[in-house]
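> How does the following fold in three dimensions:
(chains A and B)
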Protein chains: 2
Amino acid sequence: MDTLALKDAMASTAEALERVLNPILAVPDGQEARLYEAMRHSVYAGGKRLRPFLVCASADLFGVERQYSLRVAAALECVHCYSLIHDDLPAMDDDDMRRGKPTVHKAFDDATAILAGDALLTIAFEILANEITHPDPRVRCKLVEKLAKASGGQGMVGGQMIDLTASDHMLDERAIFRLQNMKTGALISFATEAGAVLASASKEAHASLQGYARDIGLAFQIADDLLDVEGNADEIGKAVGKDEDAGKATLIGIMGVERARQQAQLLADQAIEHLAPFDDKASLLRAVAHFAINRRT
Amino acid sequence: MDTLALKDAMASTAEALERVLNPILAVPDGQEARLYEAMRHSVYAGGKRLRPFLVCASADLFGVERQYSLRVAAALECVHCYSLIHDDLPAMDDDDMRRGKPTVHKAFDDATAILAGDALLTIAFEILANEITHPDPRVRCKLVEKLAKASGGQGMVGGQMIDLTASDHMLDERAIFRLQNMKTGALISFATEAGAVLASASKEAHASLQGYARDIGLAFQIADDLLDVEGNADEIGKAVGKDEDAGKATLIGIMGVERARQQAQLLADQAIEHLAPFDDKASLLRAVAHFAINRRT
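Numbering: from 1, shown residues only, chains lettered A, B, ... in the order given. Model prediction:
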């Protein structure tokens, strides 16, 4: 599969996702309209929609109907957007711009941003628990539980807590791996495992997809760190990246650029090996692994 | 039932609730420990535990096992505490103290408070979806969906959004009723209806408990507003309450103290009428309705 075919597939999933989210995030008549406008500001700001794509691509391995996988994708994207809104707040990473647009607290205000994040997190679970998402309530409960674990104190939120305090005390390689696994890896794992949950697939299938997710999650993170360092190095007079400026411990800082690049390649190769049981059906997921380490943005 | 018996019953539910929450909020070894300490700071700050009590008392109407109702009570209390943490933030109501202790953002910092709230909201859904909460996955899904609806943009968070913008433009009586129903009524409704959901009770039972919840929710709110006005009037030199200081529209401001007091009594009477189908089994819920309007704190 070439990069163009992957990009086409990702774009078409993104479009379908946005259609599913549109009525869910419809702006009500009441004075709470502002809240929904803030939620939409974040959700409709674009982005690669990587996590939703992973949900749909992994569900396709088992022939799960697209109407189900798109609902899970929608819930996951709500959680992802909530995390961006809260992370961008002045009290957290204090970012004014995201994807070329003002962040939610800039376009609205801090209070609205906090509440919009809260509402997006909440609606994610409402989506998953609703019977439209899957006819089997055991499947829906499993999805709720797994998404909560992946995004809560043992997952994404815990990772963000560590990241915020990490600049104060240097982390070693193992601690950074753990942080990344919690902060970004857990949601990516949920995305790829969701397909197996929707299909009530075997333990082996779950394990393969978990392995794949762990590897591409880290590969993505290392590639991100490399882009941060190399993107800046191209510009004269900007010798250091923003992570280093922020005093954040990154894998590049510990490994060096060369070893980090090798490690990303190794992880992508490993990720692809986990897909062996799925044969040709996994070509999109294989393409994602290549994309993870070769992208330019 | 006298007030003392109600207080005993509430205290014993509060104790059982805290025992259930203790292992769920256990502080981990990792650097995310701070997050859990902040969550516990909020959850173990005391309080009446009214919502958990309503869950257990309504579940008792149908003979639901206490192990189930306490799990739902625990989830609901996590949502309640998350809402207090976020509402207290400088960007929101900017409160430094709650129940005589520093609020979470004062005892820790703003970022930790945002994340602790996020993690408490998330764990609530993890608790509900887990099979320990009820053997029937349909019941668990219904609980997740109802709690999400009650606490999200159409419920509590939407109500807080309206409340934050309400000081800019005066609300009329109907708009304030709607705001209160969303901001505090929705969670109280969830609390009393949860018993019927756990028991897969009849539509009639659901409707009775919804009616009861709507009435005591508003009665509580009016009593709160009265305490705000009258509590301050007792202190010489403090002629106005903090709601009026904050420019917030309250029912007292529109109705006047006398009509508000009558309205609260009317609502409590109405609430009790909704309990008729449950006979003697509802004596605790009846006592709560009296307590709602006669309490001093």
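> From here on, just use CA atoms for contacts and neighbour counts.
OK.
> thought residue A:139 was touching residue A:197?
Yes - with contact defined as C-alpha atoms under 8 Å, residue A:139 and residue A:197 form a contacting pair (6.5 Å).
> contacting residues around residue A:82?
Residues near residue A:82 by C-alpha atoms under 8 Å, 6 or more residues apart in numbering or on different chains: A:116-118, A:120-121.
> Using TSV, lay out these together with neighbour count.
Output for the contacts of residue A:82, formatted as TSV (neighbours: other C-alpha atoms under 10 Å in any protein chain shown):
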residue	neighbour count
A:116	32
A:117	27
A:118	29
A:120	30
A:121	27
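> Just those: which are in helices?
Secondary structure assignment (DSSP state H) places A:116-118, A:120-121 from the contacts of residue A:82 within helices.
> Contacting chain B as well, which ones from the residues you listed?
Checked against chain B using C-alpha under 8 Å from any C-alpha of the partner chain, those give the following subset in range: A:118, A:121.
> how about the ones in helices among the contacts of residue A:82, which pair is most distant?
Using C-alpha to C-alpha, the two most remote members of the ones in helices among the contacts of residue A:82 are A:116 and A:121, lying 8.6 Å apart.
> Would you enumerate the residues in contact with residue A:74?
Listed by C-alpha under 8 Å, 6+ apart, the contact set of residue A:74 reads A:17, A:20-21, A:52, A:124, A:127.
> Reformat the residues you listed as JSON lines; add distance to residue A:103.
Supplementary listing: the contacts of residue A:74 in JSON lines, determined by distance: C-alpha to C-alpha, whole Å:
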{"residue": "A:17", "distance to residue A:103": "21"}
{"residue": "A:20", "distance to residue A:103": "23"}
{"residue": "A:21", "distance to residue A:103": "20"}
{"residue": "A:52", "distance to residue A:103": "21"}
{"residue": "A:124", "distance to residue A:103": "21"}
{"residue": "A:127", "distance to residue A:103": "25"}
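> I'd like these as TSV, with pLDDT appended.
TSV is the format used below for these (pLDDT from 0 to 100):
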residue	pLDDT
A:17	98
A:20	98
A:21	98
A:52	98
A:124	98
A:127	98
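> what about the strands in the stretch 151-297 of chain A?
Along the stretch 151-297 of chain A, counting by DSSP state E, counting those that start in this stretch, no stretch forms strands.
> Quick check on residue A:100: phi, psi?
Reported as degrees, to the nearest 10, the phi and psi values for residue A:100 are phi 70, psi 10.
> In a markdown table, list the contacts of residue A:82 along with pLDDT.
Listed next are these as a markdown table, based on pLDDT from 0 to 100:
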| residue | pLDDT |
| --- | --- |
| A:116 | 98 |
| A:117 | 98 |
| A:118 | 98 |
| A:120 | 98 |
| A:121 | 98 |
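> Return the helix or strand in chain A with minimum mean pLDDT.
When each helix and strand of chain A is scored by mean pLDDT, DSSP states H and E, helix A:242-245 comes last, with a mean of 63.
> and residue A:204, how many neighbours?
By the measure other C-alpha atoms under 10 Å in any protein chain shown, the count of residues near residue A:204 is 11.
> One more: the one 4 residues further on?
Taking other C-alpha under 10 Å as the neighbour definition, residue A:208 ends up with a count of 21.
> and the closest residue to residue A:198 other than its chain neighbours, what helix or strand is that in?
For residue A:198, ignoring the flanking residues on the chain, the nearest one in space by C-alpha to C-alpha, 6 or more residues apart in numbering or on different chains is residue A:139 at 6.3 Å. Assigned by DSSP states H and E, residue A:139 falls within helix A:137-151.
> What's the separation between residue A:173 and chain B?
Computed with C-alpha to the nearest C-alpha, to the nearest Å, the distance linking residue A:173 and chain B is 15 Å.
> for that residue, what are its contacts?
A:251, A:254.
> Find the residue at the geometric middle of chain A.
Averaging the C-alpha coordinates of chain A gives a centre point, and the residue nearest to it by C-alpha atoms, centre = their mean is residue A:51 (4.9 Å).
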